[in-house]
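In: Sequence and computational prediction follow.
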Amino acid sequence: AFVTLGSESFSQAGAGLAGGHAGVNYSLDVSSLNDRGFSATNPTVPFGNFNADRDPLRQRSLNGSIDVALARDWKLDLGLLYSEGTSHYDDGPGRDTRDDFRSQVARAGINGKVREGWKAQLQVAQSLDDSRSIVASFLPSRFRTTQDQFLWQNDIDTPLGVVLAGLERLEQKVDGTTAYAVRQRSINSAFVGLNGEAGPHSWQLNLRNDRNSQFGNSSTGFAGYGHRLTPTLRVHVSHGTSFVAPSFNQLYFPGFGTPTLQPEEGRNTDVGLSWSQAGHTLKLVAFDNKIRGFIPSGPLPANVPRARIEGWTLGYEGGIGKLLLRASWEAMDPRNELTGRQLARRSKVQGMLGADYAVGAWKFGGTLLHVGKRFDDSANAFALKAYTTLDLHADHELAKDWTVQAQLRNVTDEAYETVRGYNQPGRGVFVTLRWAPR
């Protein structure tokens, strides 16, 4: 169980229980969140949506699962995730716009051993999102989206590695007060893969075919190979393809979607080198991602005929005594190959530095994040400045089952945006009391 209090009248409380007996295991978690919030927008927001009022959030959630052991190494698995609440957002001066939402994911499955070296699973799941928008100056609107999933998967041991093969079906539907040109689609898929290793060698192969009732047939694949040059040094190379269909909102939402939008098709190549020794790990990866029909984020998206994201990332994790360190730096060139402009909302550099130190019943830590300059639009007319944030935390073990944690987020009160006109949280203090019996 825990209770958190923080800045802007933030409060959250939750409790969970897990256990099992005689082949039955269960877990149940409930939580409640209330956040008075701050103004989501500032005067630079497009479409005149600025409103200086606070935009609070209220949310209640439940997460439960149960699995039952059946005869001969088989197990029945059931789960439910449910959430409801009210979210306020800005939609112009004097409009207290809010959205009442309900979201749930229910699943049921059975998995077990068909025979020695062959495991199988059958799973059925449904996700539901239901929202009702209330705007003072306009009529209310309602959206209800559902996705049904049916999965049959097999994991089979072979001399070359583990073969993964199966079938999947997705049924996607959208309904509400806004009439979409297309309200439902289905995707039937078949997939097969292989994961294996022998001595210093490791490999992975995957092939998938998706038949989309709206966008037709597509096949994607992946091939990767790794080789351990020495006990501490490993090199790997991989190549994969991707296919991403636009969502119903990207296609048909009034004033936001583009009905003529087409799917993305990508090809990505990675080459990497990793070194590990005495608790230290250093990784360097170079990547080159070419995308036809790239779909940018934001309103009225239009396919970018040819986009390319190439660069490299360097990461480190390790420790010196009770001091744990982590760091990463990523440099890339995300660009529209036809115009040479930077892709919207993507920076060319991003870095992170983190540290944790434990002494007695105390643990201290912090994370420094830097994100470089970006542009909010494809024409690169509206710049989003680079920003650097620092978060600190301290944990103290009060007793065997009790801990208290304090967080100071955005220590320097950095003002920044990830989308033009939308504010990010300023400096905030949060204190959590947690009880976890051991």
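Out: Perfect, thanks for sending it. Numbers count the residues shown, from 1 in each chain.

In: Isn't K348 up against H370?
Out: No. Contact criterion C-beta atoms under 8 Å: K348 and H370 do not qualify, at 11.9 Å. For glycine as for every other residue, the C-beta is placed from the backbone atoms N, C-alpha and C.

In: all helices of the stretch 51-200 of the chain, in order?
Out: Counting by DSSP state H, counting those that start in this stretch, no segments of the stretch 51-200 of the chain form helices.

In: so where's it shaky on pLDDT?
Out: For the stretch 51-200 of the chain, applying pLDDT under 70 flags the ranges 136-139.

In: how does it look with 80?
Out: For the stretch 51-200 of the chain, the stretches flagged by pLDDT under 80 are 94, 135-140.

In: Could you pull out the strands in it for me?
Out: For the stretch 51-200 of the chain, applying DSSP state E, counting those that start in this stretch gives strands covering 57-69, 74-89, 97-115, 118-134, 141-158, 161-176, 184-198.

In: who's in contact with E337?
Out: When the contact criterion is C-beta atoms under 8 Å, 6 or more residues apart in numbering, the partners of E337 are P305, R306, A307, R308.

In: again, only using 7 Å
Out: Taking C-beta atoms under 7 Å, 6 or more residues apart in numbering as the contact definition, E337 lies against R306, A307, R308.

In: Can you report phi and psi for it?
Out: The phi and psi torsions at E337 (degrees, to the nearest 10) take the values phi -70, psi -20.

In: May I see the strands of the stretch 51-200 of the chain organised as TSV, with mean neighbour count and distance to G224 added?
Out: Formatted as TSV, the strands of the stretch 51-200 of the chain follow (neighbours: other C-beta atoms under 10 Å; distance: least, C-beta to C-beta, whole Å):
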stretch	mean neighbour count	distance to G224
strand 57-69	16	32
strand 74-89	16	30
strand 97-115	16	26
strand 118-134	16	23
strand 141-158	15	18
strand 161-176	16	12
strand 184-198	15	10
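
In: Of those strands, which is nearest Q214?
Out: With C-beta to C-beta, the closest approach to Q214 among those belongs to strand 184-198: 4.3 Å.

In: does the closest residue to D401 other than its chain neighbours sit in a helix, a strand or a coil?
Out: Distances taken as C-beta to C-beta, 6 or more residues apart in numbering put P437 closest to D401, at 4.8 Å, once the chain neighbours are dropped. What DSSP: H, G, I helix; E, B strand; the rest coil gives for P437 is coil.

In: Could you check how many residues crowd around P437?
Out: Residues near P437, counting by other C-beta atoms under 10 Å, number 7.

In: Verify the stated contact: it with W402.
Out: No. Using C-beta atoms under 7 Å, P437 makes no contact with W402, being 9.6 Å away.

In: Any chance of JSON lines for the strands of the stretch 51-200 of the chain, columns distance to R36?
Out: As requested, the strands of the stretch 51-200 of the chain are exported to JSON lines (distance: least, C-beta to C-beta, whole Å):
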{"stretch": "strand 57-69", "distance to R36": "9"}
{"stretch": "strand 74-89", "distance to R36": "10"}
{"stretch": "strand 97-115", "distance to R36": "14"}
{"stretch": "strand 118-134", "distance to R36": "19"}
{"stretch": "strand 141-158", "distance to R36": "25"}
{"stretch": "strand 161-176", "distance to R36": "29"}
{"stretch": "strand 184-198", "distance to R36": "39"}
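
In: out of those strands, which comes closest to A355?
Out: In terms of C-beta to C-beta, the element of the strands of the stretch 51-200 of the chain nearest to A355 is strand 57-69, at 31.1 Å.

In: What strands line up against that closest one, and which way round?
Out: Applying DSSP bridges to the sheet, strand 57-69 is found paired with strand 24-35 (antiparallel), strand 74-89 (antiparallel).

In: could you list every residue that touches W152?
Out: Applying C-beta under 7 Å, 6+ apart, we find W152 in contact with L122, G166, L167.

In: Bridging across strands, which residues link to it?
Out: Where W152 sits in a bridge, its partners, by DSSP bridges, are L122, L167.

In: How many residues are close by K322?
Out: Using other C-beta under 10 Å: K322 sits among 10 other residues.

In: any idea how far the residue nearest to it when sequence neighbours are not counted is from F364?
Out: Leaving aside its chain neighbours, K322 sits nearest to A358 (4.9 Å; criterion: C-beta to C-beta, 6+ apart). Look at A358 and F364: by C-beta to C-beta, to the nearest Å, they are 8 Å apart.

In: same deal with A355?
Out: 8 Å.

In: for A125, same thing?
Out: On the measure of C-beta to C-beta, A125 and F364 end up 41 Å apart.

In: what do you get for R267?
Out: The gap separating R267 from F364 is 44 Å, by C-beta to C-beta.

In: try D395
Out: Relative to F364, D395 is positioned 8 Å away (C-beta to C-beta).

In: Show me which of those two is the more surrounded one.
Out: Comparing D395 with F364 by other C-beta under 10 Å, the one with more neighbours is D395, at 18 against 14.
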